[in-house]
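A.B. asks: What follows is a predicted structure for the sequence shown.
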Amino acid sequence: MNATDVTATMPWRPRANPWLIALAVMLATFMVILDTSIAVVALPYIAGNLGATQDESTWVLTSYLVANAIILPASTWFSSFFGRKRFLIGCTILFTAASLLCGLATSMTALVAARVLQGLGGGAMQPLSQAILLESFPPAKRGAATALFGIAIVVAPILGPTLGGWLTDNWSWRWTFYINLPVGVLAFFLMSWLVEDPPYIRAKRPSRFDGMGFALVALWLGTLQIILDKGQDADWFSAIWLRWFAVVSVLALLGFIVRELYVKNPLVDLRVFKNRNFAVSCGLFGLFGMMLYALITIQPLFLQSLLGYTAFDAGLSVSPRGFGAFAALFFVGALVGKVDSRLLAGIGFAVMGLSSFLLCRLSLQMAMVSIIPANILAGFATGCLFVPLTTLAVGTLRNEQIGNAIGLQNLIRNIGGSIGLSLVSTLQERFSQAHQSMMVGQLSPLNSQYQQKSAALQQVFEQGFSPVDALARARGFLYHTLLQQSDYWAFIDLFFLVACICAMCVFGILFYEKPRAIHAVTAAE
């Protein structure tokens, strides 16, 4: 065999240093994921500045998530049509330009339109970046590379509320979008310099665009996201329009699945779900996204609504998770390939469950330092989960399947995150109402303890008010305490629910097949 034949049979490797490529694509992904949470704490300021209601301001988040989700399944086709490098760079330019338009917006309509453009640009960036990363490294080093990439995936949504609160309090809500500009420009230059398309991407000719499949997936994801974001405000299925949206969403999903399985040139290759490890990873990734975004939402809401924390302080309380995640990603990156990834994933879910259980022990008299251990554990758990779930998902796939698979995996994780956010807002209110109905019977004039508390408080208020006003204020104070306790126990129930779901996910690890050895994967390539 001559040198030419040997070269032809060797797996493709990029000319640039893979770690530099990882840095380039990580910057783009960090920027995109940061924008899913950075604007959350700025919504009241955006509404006030643009003359909109609080309900209208939530479209700043909804429009971004809908556009982001719609473009995800089509990212593989667009990358084959334009070339993956050109498409990724084009998405980066669109996302950065849309960020500038968001900061310059003078009305809510203009801001929502710019957020749609931002979501369309950002939706494809994460799966494309992750596919480029995995293909740039040999299988034996993919664990360490995924750990580095996981910093963007795990730390960005944790850092978002803290950074958004600081920028909003000290500068303006517009800087939550302007901050993307230098990162986007740097990512553009690095990707233009370092990233290249592998031979099979350059040789691939795009099939006919599946317009019907794209329309069905857009209809499914668009209606689903609106249902999840607006369902609680509309009292869910008591609203006629929401019932119709649910019917349309289910029919669009079924139509999409049938079409993609039987059409000659599908927009998305759903047959990859025949791979058992990939299917299990997608299910666990969806639950991981649900719990990650639920916990990131519950804790700041708990601190703001019950303990009076500012937006910045509430966001800052989540930041210790970043330290735990940062440590875990390097720790797990060194172990992947040496320790069974299923064991690492099981440990990650177990630690996340433990951190949620520790949050169940919070009280209304606690200091911020009390939640640091639970947050460090939660961050460590997310770091432990991202790397093994990713390597288990793609470990038995061919290189040419990775781009499509990563797009589907990210789509399911995003849907899980949206469900987590919706679940938190709904169950918090329902749990609070349930506890209130159980406790309100104690506020009865026939209850001796209530009479004693009311009389004691009346004496305190009589120092500045008439006896009648003092009695009314005493009873009002007791009712306010009841509402506070109802909300408190609702949050505790939510933390406990997350802990139970984590425990279930530990058993979900048993559904994996034993992954092939690294050398076997290398030989297959």
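C.D. replies: Perfect, I can see it now.
A.B. asks: Show me where the stretch 301-450 of the chain dips below the pLDDT cut-off.
C.D. replies: 311-312, 315, 333, 336-337, 399, 441-448 (pLDDT under 70).
A.B. asks: Would you map the helices across it?
C.D. replies: 311-316, 320-335, 341-359, 372-394, 399-439, 448-461 (DSSP state H, counting those that start in this stretch).
A.B. asks: Among these, which comes closest to residue 17?
C.D. replies: Within the helices of the stretch 301-450 of the chain, the stretch nearest residue 17 is helix 320-335; the backing value is 17.2 Å (CB to CB). No exception for glycine: its C-beta is placed from N, CA and C like everyone else's.
A.B. asks: got the angle for the closest one vs helix 341-359?
C.D. replies: 160 degrees (axes from the mean of the first three to the mean of the last three CA atoms, to 10 degrees).
A.B. asks: List the buried residues for helix 320-335?
C.D. replies: 320-326, 328-330, 332-333, 335 (16 or more other CB atoms under 10 Å).
A.B. asks: And the contacts of it?
C.D. replies: 143-148, 150-151, 154-155, 158-159, 296, 344, 348, 371-372, 375-384, 386-388 (CB atoms under 8 Å, 6 or more residues apart in numbering).
A.B. asks: Could you turn the buried ones of those residues into a ChimeraX selection?
C.D. replies: Those of these that count as buried under 16+ other CB under 10 Å are selected in ChimeraX with:
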select :143,144,145,146,147,148,150,151,154,155,158,159,296,344,348,371,372,375,376,377,378,379,380,381,382,383,384,386,387,388
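A.B. asks: before we move on, the earlier item: of the helices of the stretch 301-450 of the chain, flag the one that's most buried.
C.D. replies: helix 372-394 (a mean of 26; mean count of other CB atoms under 10 Å).
A.B. asks: so how far is that helix from its chain's centroid?
C.D. replies: 13 Å (CA atoms, centre = their mean, to the nearest Å).
A.B. asks: If you compare the directions of that helix and helix 320-335, what angle comes out?
C.D. replies: 40 degrees.
A.B. asks: centroid residue for the chain?
C.D. replies: residue 417 (4.6 Å; CA atoms, centre = their mean).
A.B. asks: picking that back up, format the buried residues of helix 320-335 as TSV; extra columns: distance to residue 190.
C.D. replies: Below are those laid out as TSV (distance: CB to CB, whole Å):
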residue	distance to residue 190
320	30
321	27
322	23
323	26
324	28
325	23
326	22
328	26
329	21
330	22
332	26
333	21
335	29
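A.B. asks: Looking at those residues, which is nearest residue 301?
C.D. replies: residue 321 (15.6 Å).
A.B. asks: State the distance from the closest one to residue 138.
C.D. replies: Noted for residue 321: a distance of 31 Å to residue 138, by CB to CB, to the nearest Å.
A.B. asks: Could you do residue 482 as well?
C.D. replies: From residue 482 to residue 138 the distance is 61 Å (CB to CB).
A.B. asks: ok, now residue 170?
C.D. replies: In terms of CB to CB, residue 170 sits 45 Å off from residue 138.
A.B. asks: likewise residue 433?
C.D. replies: 55 Å.
A.B. asks: now residue 218
C.D. replies: In terms of CB to CB, residue 218 sits 37 Å off from residue 138.
A.B. asks: likewise residue 385?
C.D. replies: 23 Å.
A.B. asks: Next: residue 413.
C.D. replies: Taken as CB to CB, the span from residue 413 to residue 138 is 25 Å.
A.B. asks: quick one on the thing from earlier: put together a markdown table for the helices of the stretch 301-450 of the chain, with distance to residue 229 on each row.
C.D. replies: Output for these, formatted as a markdown table (distance: least, CB to CB, whole Å):
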| stretch | distance to residue 229 |
| --- | --- |
| helix 311-316 | 20 |
| helix 320-335 | 24 |
| helix 341-359 | 24 |
| helix 372-394 | 24 |
| helix 399-439 | 7 |
| helix 448-461 | 40 |
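A.B. asks: for these, which one sits closest to residue 192?
C.D. replies: helix 399-439 (20.0 Å).
A.B. asks: now the helix or strand hosting residue 286, how far from the chain's geometric center?
C.D. replies: For residue 286, the host element (DSSP states H and E) is helix 276-307. Centroid displacement of helix 276-307 relative to its chain, using CA atoms, centre = their mean, is 7 Å.
A.B. asks: Give the other helices and strands that it contacts.
C.D. replies: helix 142-170, helix 311-316, helix 341-359, helix 372-394, helix 399-439, helix 467-508 (3 or more CB pairs under 8 Å, 6 or more residues apart in numbering; DSSP states H and E).
A.B. asks: Mind checking those helices for the one nearest to residue 117?
C.D. replies: helix 399-439 (18.0 Å).
A.B. asks: what angle do the closest one and helix 467-508 make?
C.D. replies: Using the same axes, to 10 degrees: helix 399-439 against helix 467-508 is 150 degrees.
A.B. asks: so what does helix 399-439 touch, helix or strand wise?
C.D. replies: helix 59-71, helix 75-82, helix 125-136, helix 211-230, helix 276-307, helix 372-394, helix 467-508.
A.B. asks: Which one of those lies nearest to residue 253?
C.D. replies: helix 211-230 (4.6 Å).
A.B. asks: Kindly export the closest one (C-alpha atoms) in PDB.
C.D. replies: Provided in PDB are the C-alpha atoms of helix 211-230 (Å, rounded to 0.1, in the frame of the first residue of the first chain):
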ATOM      1  CA  GLY A 211     -40.800  22.300   2.800                       C
ATOM      2  CA  MET A 212     -43.800  20.400   4.100                       C
ATOM      3  CA  GLY A 213     -41.700  18.900   6.900                       C
ATOM      4  CA  PHE A 214     -40.300  22.300   7.800                       C
ATOM      5  CA  ALA A 215     -43.800  23.800   7.900                       C
ATOM      6  CA  LEU A 216     -45.100  21.000  10.200                       C
ATOM      7  CA  VAL A 217     -42.100  21.200  12.600                       C
ATOM      8  CA  ALA A 218     -42.500  25.000  12.700                       C
ATOM      9  CA  LEU A 219     -46.200  24.700  13.400                       C
ATOM     10  CA  TRP A 220     -45.600  22.100  16.100                       C
ATOM     11  CA  LEU A 221     -42.800  23.900  17.900                       C
ATOM     12  CA  GLY A 222     -44.400  27.300  17.600                       C
ATOM     13  CA  THR A 223     -47.700  26.300  19.100                       C
ATOM     14  CA  LEU A 224     -46.100  24.100  21.700                       C
ATOM     15  CA  GLN A 225     -43.900  27.000  22.900                       C
ATOM     16  CA  ILE A 226     -46.800  29.400  23.000                       C
ATOM     17  CA  ILE A 227     -48.800  26.900  25.000                       C
ATOM     18  CA  LEU A 228     -46.000  26.400  27.500                       C
ATOM     19  CA  ASP A 229     -45.300  30.100  27.900                       C
ATOM     20  CA  LYS A 230     -48.900  31.400  28.100                       C
END
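A.B. asks: Name the residues of that helix that are buried.
C.D. replies: 213-214, 216-230.
A.B. asks: what's next to it, contact-wise?
C.D. replies: 58, 61-62, 65-66, 69-70, 73-74, 242, 245-246, 248-249, 252-253, 255-256, 259-260, 263, 266-268, 415, 418-419, 421-422.
A.B. asks: for stretch 477-493, same thing?
C.D. replies: Residues contacting stretch 477-493 (CB under 8 Å, 6+ apart): 298, 301-302, 305-306, 360, 362, 364, 427-429, 431-436, 439-440, 442-443, 450, 453-454, 457.
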